[in-house]
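S.K.: Requesting a structural model of the entry that follows:
(4 chains)
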Amino acid sequence: MVTVEFLGPINKPAMELEIDNLNELAHILQEDKELSDWLQNCAVAVNNNLVNSLETPLNAGDKISLLPPVCGG
Amino acid sequence: MVTVEFLGPINKPAMELEIDNLNELAHILQEDKELSDWLQNCAVAVNNNLVNSLETPLNAGDKISLLPPVCGG
Amino acid sequence: MLSIYNGPLDVPTILATWYKEEAQSNYGAYIPFIGTVRSEDNIEGLSFDIYEPILEKWFQEWEAKAKERGAIVKMAHSLGDVLLHESSYIAAVFSPKRRVALELIDEFVEDFKASAPIWKYDLKEGKRIYALDRSTAIQGSGLLAKGDAL
Amino acid sequence: MLSIYNGPLDVPTILATWYKEEAQSNYGAYIPFIGTVRSEDNIEGLSFDIYEPILEKWFQEWEAKAKERGAIVKMAHSLGDVLLHESSYIAAVFSPKRRVALELIDEFVEDFKASAPIWKYDLKEGKRIYALDRSTAIQGSGLLAKGDAL
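M.R.: Coordinates of the predicted model:
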């Protein structure tokens, strides 16, 4: 089981999923029409480290975060 | 009559001279051995404006300033 | 040092505190950057969300980069609402020499704008509206929109 | 605003005063640069001479350059002795947006170092020694060493 959290302006509660890699997550989230714009512009972190590959393996207890476009300052 | 002042670390009192341009001043100051290093590295201002030409004409009452290398801050 | 404050920053106090903290550290240059909420587009203010775990990591990486160049960085940011002409952000560099400080503050502030996990909202008529058009997608964004066929 | 102070600068007070002066001016970015005397080469401190008429002109030219870019500059400098870990220099830029502020503070400080009519002396064993090796000849220097034949 991994946890998926949606940060900042994405108004969506966290999900718990049984998946083994980010490629599976991509397919699940692409089914959600409300998320389609966010998927285009969100970065992804696993356990607070930004990742760049869908092959990133996931382990039980991992936390996946979706980070929409930022504007601090 | 013009006034020539030596700024900052140049330890020399101001001079009053009867000259018509900076070329004449250059010749007079080059006679002073103590000034030879300063002449190499000093900028020159006439009435507080930096000048770049020895042909700069001088008028009675003008103030000429020699500015040695700077280091503010 | 990274500090998160609820609401606007007390800029004079933070600038003075950082100055005093490093008074004996022998840094020749101190450059703070202060960000203040501008009145524009009829906003009443801004509001901020911060994701602290990733912000901390981002900041620690900058502490390491600064250290390699003999410098240190400090940062303060507001959480929640900050009204017009109040300040929400201070970034600062201390370094022995001016060139490192001038280059580092520029790189630090620009990378902050592009990467720090902070979300900005306009406050308009009491509502909190995500400032998408002024926001920057973090490098590598869009990963989950791709996806290979399973 | 250009301010000359006898001895070291009260940095927290100056930074706070400038911040408050522009609190309602709608500038989004405020970047001060603070220069502090470092302990090095066994000095006890630094001392400064300033030629104010030309410094004022130089500063007014920068006020005009900043204005063209929608920004303002402020500066404070010490006259006379400033001891170790005390500060002698603050330059600051206020501008609506960050890029102008980040670029302007760099250009302003670098041109200050190259052109402002201020002379620095090391204080060593109670003596005041001109810091020639760390000084920069103003552009166009050497004019009077040339001279045409009369």
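S.K.: Please determine how far C:Lys113 is located from C:Ile138.
M.R.: Relative to C:Ile138, C:Lys113 is positioned 11 Å away (Cβ to Cβ, to the nearest Å). Where you see a C-beta, it was placed from the backbone N, CA and C, and this is true even at glycine.
S.K.: Now for the two: what residues contact both?
M.R.: Common contacts of C:Lys113 and C:Ile138 (Cβ atoms under 8 Å, 6 or more residues apart in numbering or on different chains): A:Val70.
S.K.: and residue 7, how many residues sit next to it?
M.R.: The chain I'm using is chain A. 20 (other Cβ atoms under 10 Å in any protein chain shown).
S.K.: let's do chain C instead
M.R.: 15.
S.K.: Other residues contacting the helix or strand hosting C:Ala66?
M.R.: Assigning secondary structure by DSSP states H and E places C:Ala66 in helix C:52-68. Here helix C:52-68 makes contact (Cβ under 8 Å, 6+ apart) with A:45, A:48-50, A:65, A:67, C:2, C:4, C:72-73, C:75, C:93, C:95, C:104, C:108, C:111, C:115-118.
S.K.: Go again with 10 Å.
M.R.: Identification of contacts with helix C:52-68 by Cβ atoms under 10 Å, 6 or more residues apart in numbering or on different chains yields A:7, A:43, A:45, A:47-50, A:63, A:65, A:67, A:70, A:72, C:1-2, C:4, C:51, C:71-75, C:77, C:79, C:91, C:93-95, C:100-101, C:104, C:107-108, C:111-112, C:115-118, C:138.
S.K.: ditto for stretch A:10-19
M.R.: A:1-6, A:24-29, A:32, A:34-35, A:37-38, A:42, A:58, A:60, A:62-68, C:119, C:130.
S.K.: and chain A, which residues reach chain D?
M.R.: Selection of chain A residues close to chain D by Cβ under 10 Å from any Cβ of the partner chain yields A:Gly73.
S.K.: which intervals of chain A have sub-threshold pLDDT?
M.R.: Within chain A, no range satisfies pLDDT under 70.
S.K.: Which residue, other than its chain neighbours, is closest to the residue nearest the centre of it?
M.R.: In chain A, the centroid-proximal residue (Cα atoms, centre = their mean) is A:Leu66; its distance is 4.1 Å. Spatial nearest neighbour of A:Leu66, excluding adjacent residues (Cβ to Cβ, 6 or more residues apart in numbering or on different chains): A:Cys42 at 4.4 Å.
S.K.: Tell me how far that neighbour lies from A:Val2.
M.R.: 17 Å.
S.K.: Now A:Trp38, what are its backbone angles?
M.R.: Main-chain torsions, A:Trp38, degrees, to the nearest 10: phi -60, psi -40.
S.K.: quick one: secondary structure of the nearest residue to it once chain neighbours are set aside?
M.R.: If the residues on either side of it in the chain are set aside, A:Trp38 comes closest to A:Ile10, at 5.5 Å by Cβ to Cβ, 6+ apart. Put simply, A:Ile10 is coil when judged by DSSP: H, G, I helix; E, B strand; the rest coil.
S.K.: Look up how far D:Tyr30 lies from A:Ile10.
M.R.: 33 Å.
S.K.: who's more crowded, these two?
M.R.: D:Tyr30 (28 against 17).
S.K.: Mind checking what secondary structure that one has?
M.R.: D:Tyr30, by the three-state scheme (three-state DSSP), is strand.
S.K.: does it really touch D:Tyr19, like I thought?
M.R.: Yes. Between D:Tyr30 and D:Tyr19 there is a contact under Cβ atoms under 10 Å: 6.4 Å.
S.K.: list the residues that contact both of the two?
M.R.: With Cβ under 10 Å, 6+ apart, D:Tyr30 and D:Tyr19 have common neighbours C:11, C:15, C:34, C:36, C:87, D:92, D:94.
S.K.: and chain A, which of these reach it?
M.R.: Counting by Cβ under 10 Å from any Cβ, the members of the shared contacts of D:Tyr30 and D:Tyr19 near chain A are C:Thr36.
S.K.: Name the member of the shared contacts of D:Tyr30 and D:Tyr19 with the shortest distance to D:Ser25.
M.R.: Using Cβ to Cβ, D:Phe94 comes nearest to D:Ser25 of these, at 6.8 Å.
S.K.: if I've got this straight, the closest one is in a strand?
M.R.: Yes. When classified by three-state DSSP, D:Phe94 is found to be part of a strand.
S.K.: Could you give the number of residues near C:Ile14?
M.R.: The burial count for C:Ile14: 19, using other Cβ under 10 Å.
S.K.: Could you check the pLDDT of it?
M.R.: For C:Ile14, the pLDDT comes out at 98.
S.K.: is it true that it lies in a helix?
M.R.: Yes. Counting by three-state DSSP, C:Ile14 is located in a helix.
S.K.: could you list every residue that touches A:Met1?
M.R.: A:16-19, A:58, A:60-62.
S.K.: Same check on C:Leu9?
M.R.: C:Leu9 neighbours (Cβ under 10 Å, 6+ apart): C:3, C:15, C:34-36, C:76-78, C:82, C:86-90.
S.K.: Then A:Asp20?
M.R.: By Cβ under 10 Å, 6+ apart, the neighbours of A:Asp20 are A:2, A:57-60.
S.K.: Filter those residues down to the buried ones, ChimeraX style.
M.R.: To isolate the buried subset of the contacts of A:Asp20 in ChimeraX, counting by 16 or more other Cβ atoms under 10 Å in any protein chain shown, use the following:
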select /A:2,58
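S.K.: Does C:Glu107 touch C:Ala101 like I think?
M.R.: No. Using Cβ under 10 Å, C:Glu107 is not in contact with C:Ala101; the gap is 11.1 Å.
S.K.: Can you check which residues contact both of the two?
M.R.: Joint contacts of C:Glu107 and C:Ala101 (Cβ under 10 Å, 6+ apart) are C:66, C:93.
S.K.: Which of those two has more residues huddled nearby?
M.R.: C:Ala101 (27 against 14).
S.K.: Excluding chain neighbours, what is closest to the more buried one?
M.R.: C:Ala29 (3.8 Å).
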